[in-house]
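Asker: give me the fold of what follows.
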Amino acid sequence: MNQIQHIGEGISAVRKGEMWHAIVDYLGQQYIVGLKIWRGDRCHKAGEEQIVEYLNDRHLDVGYMLSFNFNQKKDPGVKRVEIDGKILYEGTV
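Answerer: Numbering: from 1, shown residues only. Reported below is the predicted structural model:
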């Protein structure tokens with residue numbers, strides 16, 4: 001079950017499982033941002049699929065995912081990924 005919280009004007013947060021998604025309404029556009037803690041490749045792929053679901057529900061083509069990775073050997077930065085015709089910009093910090 002999704003838990004929705006309205007944070008402020010134009011910003012809502014949706015929780016699905018352990019992942020939070022921010023839905024930002026700004027100047028007539030919606031932006032979907034997934035926030036997660038790195039727990040391995042399997043969980044990462046599941047997070048990507050969740051964002052694609054939100055994008056499909058809102059008829060959007062671009063989403064964002066920010067992963068907090070506390071591993072010593074992480075690969076920080078931003079990359080562009082295409083999944084099922086949707087574009088995700090994924091940042092790792």
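Asker: from here on, contacts and neighbour counts on C-alpha atoms
Answerer: Fine.
Asker: parallel or antiparallel, which strands does whichever strand or helix holds Lys79 pair with?
Answerer: Using DSSP states H and E, Lys79 falls within strand 77-83. Strand 77-83 has its sheet partners listed here by DSSP bridges as strand 86-92 (antiparallel).
Asker: distance between the strand it pairs with and the chain's centre?
Answerer: 8 Å (C-alpha atoms, centre = their mean, to the nearest Å).
Asker: buried residues, it. List them.
Answerer: For strand 86-92, a neighbour-count test (16 or more other C-alpha atoms under 10 Å) marks 87-88, 90-92 as buried.
Asker: quick one: those as TSV, columns for distance to Arg58 and pLDDT too.
Answerer: What follows is the buried residues of strand 86-92, written out as TSV (distance: C-alpha to C-alpha, whole Å; pLDDT from 0 to 100):
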residue	distance to Arg58	pLDDT
Ile87	14	98
Leu88	15	97
Glu90	19	96
Gly91	22	94
Thr92	25	93
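Asker: nearest residue to the middle of this protein?
Answerer: Gly34 (1.9 Å; C-alpha atoms, centre = their mean).
Asker: and that one, what does it touch?
Answerer: Applying C-alpha atoms under 8 Å, 6 or more residues apart in numbering to Gly34 gives the contacts 19-22, 47, 51, 64-66.
Asker: check which helix or strand His59 maps to.
Answerer: Applying DSSP H and E, one finds His59 in no helix or strand.
Asker: that one: neighbour count?
Answerer: Counted with other C-alpha atoms under 10 Å, the neighbours of His59 add up to 10.
Asker: and the helices in this protein, which stretches?
Answerer: Listed in chain order, the helices of the chain (DSSP state H) span 41-57.
Asker: okay, now the unreliable bits of it?
Answerer: 1-19 (pLDDT under 70).
Asker: sorry, back to before: name the nearest of the buried residues of strand 86-92 relative to Asp75.
Answerer: Thr92 (7.1 Å; C-alpha to C-alpha).
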